[in-house]
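S.K.: Test case, fold it:
(2 chains)
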2 protein chains.
Amino acid sequence: MTTTATTTKQFIISEQLLEHWQGHRNLTRRVIEMFPEKELFEFTIGGMRPFAKMAVELISMGGPALKGIVNKKEDAFDDETFNPKTKEELLKKWDEETGVINQYFSEITEERFQETFNLFGQYEFPVYQNILYFIDNEIHHRAQGFVYLRALGINPPFFWERF
Amino acid sequence: MTTTATTTKQFIISEQLLEHWQGHRNLTRRVIEMFPEKELFEFTIGGMRPFAKMAVELISMGGPALKGIVNKKEDAFDDETFNPKTKEELLKKWDEETGVINQYFSEITEERFQETFNLFGQYEFPVYQNILYFIDNEIHHRAQGFVYLRALGINPPFFWERF
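M.R.: Reported below is the predicted structural model:
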């Protein structure tokens, strides 16, 4: 593929984006770890969900979405089936999804990133936009976890510490 | 420039990244607008900064950083000089920075995104990583603003509504 620097400029390659995402996932993992067991599943502010529920949303999104993109399957989003009762169970699944994300992400071709796909049979956007959404959504919910930790008197990890 | 699809895959071009960023900036602007005047400058949770202070950080980062990258100037980060006293003043500056970001971002060449630059004389990373940081940092602090709004009994805007 030939790109013309005067008309379009490459911002990043897919490997850089994956590394960036996995860096964020490492940080989110540390935030999960820092919650006391009980507060992880129960503490909330302003009627929002406990952080464990947000983490389950993230687990239910990234890997399953990439699988759907690669296999062109539009199965519905499901964050009900995986319903962990302990931090250990949540972290175990988190770590399993790390491999799932690495595997399926690497199978997406350059052309696919620009193609529209009806993710989860519901979100019809270019694949690159859906992938950016997974990362943005993770940063967004993790930041809410940061506020929960602060409100609990616990200092969250540094935002820029990823690996 | 020729890229070989078998070894590296382009994830996005710079115009797509800029549109993505400005979409996030629109959402952050709406969050600033939704705060009551007094709470924007005073409300906090867990010893964190009021949302106005976080917004000033964002304003002090994106545009000035891009200027520094384009002009290869390593002036220190400064979020003290601009010290707005009203929401109107904050939003006016926010809107001015929209144009600054569009202008300077477009002047960064494809090669520069991959080059290391000592941003603000302090953050020595590839330019693409620094730019992703500005966006991530904005999502992170805006999400804290979402929690503040919820704690104030105000429903924040939809996370996916950007333009």
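S.K.: and stretch A:39-47, average pLDDT?
M.R.: For stretch A:39-47, mean pLDDT rounds to 97.
S.K.: now it: how far from the chain's centre is it?
M.R.: 20 Å (C-alpha atoms, centre = their mean, to the nearest Å).
S.K.: what's the span of it, first residue to last?
M.R.: Using C-alpha to C-alpha, to the nearest Å, the end-to-end distance of stretch A:39-47 comes to 14 Å.
S.K.: can you pull out the helices in chain A?
M.R.: Ranges of helices within chain A are A:14-34, A:37-42, A:51-71, A:87-106, A:110-114, A:127-151, based on DSSP state H.
S.K.: out of these, nearest to chain B?
M.R.: helix A:127-151 (3.1 Å; C-beta to the nearest C-beta). For every residue, glycine as well, the C-beta is placed using N, CA and C.
S.K.: about what we covered before: could the helices of chain A go into CSV alongside distance to chain B and mean neighbour count?
M.R.: Shown next, in CSV, are the helices of chain A (distance: least, C-beta to the nearest C-beta, whole Å; neighbours: other C-beta atoms under 10 Å in any protein chain shown):
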stretch, distance to chain B, mean neighbour count
helix A:14-34, 4, 18
helix A:37-42, 13, 15
helix A:51-71, 11, 21
helix A:87-106, 9, 15
helix A:110-114, 4, 16
helix A:127-151, 3, 22
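S.K.: Adding distance to residue B:28, write the ones you listed out as JSON lines.
M.R.: Listed next are the helices of chain A as JSON lines, based on distance: least, C-beta to C-beta, whole Å:
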{"stretch": "helix A:14-34", "distance to residue B:28": "19"}
{"stretch": "helix A:37-42", "distance to residue B:28": "28"}
{"stretch": "helix A:51-71", "distance to residue B:28": "20"}
{"stretch": "helix A:87-106", "distance to residue B:28": "27"}
{"stretch": "helix A:110-114", "distance to residue B:28": "26"}
{"stretch": "helix A:127-151", "distance to residue B:28": "12"}
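S.K.: Quick check: which of those helices is nearest to residue B:38?
M.R.: helix A:127-151 (20.0 Å; C-beta to C-beta).
S.K.: relative orientation of that closest one and helix B:14-34 in degrees?
M.R.: Here the directions of helix A:127-151 and helix B:14-34 differ by 40 degrees (axes from the mean of the first three to the mean of the last three C-alpha atoms, to 10 degrees).
S.K.: So which elements touch helix A:127-151?
M.R.: Other helices and strands packing on helix A:127-151, by 3 or more C-beta pairs under 8 Å, 6 or more residues apart in numbering or on different chains; DSSP states H and E, are helix A:14-34, helix A:51-71, helix A:110-114, strand A:116-119, strand A:123-126, strand B:10-13, helix B:14-34, helix B:127-151.
S.K.: Reformat these as TSV; add mean pLDDT and distance to residue B:84.
M.R.: Listed next are the helices and strands packed on helix A:127-151 as TSV, based on pLDDT from 0 to 100; distance: least, C-beta to C-beta, whole Å:
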stretch	mean pLDDT	distance to residue B:84
helix A:14-34	98	31
helix A:51-71	98	32
helix A:110-114	97	39
strand A:116-119	97	40
strand A:123-126	96	35
strand B:10-13	97	33
helix B:14-34	98	10
helix B:127-151	97	16
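S.K.: can you tell me which residues contact residue A:21?
M.R.: Neighbouring residues of residue A:21 by C-beta atoms under 8 Å, 6 or more residues apart in numbering or on different chains: A:62, A:101, A:105, A:131, A:134, A:135.
S.K.: and of these, the nearest to residue B:122?
M.R.: residue A:135 (24.5 Å).
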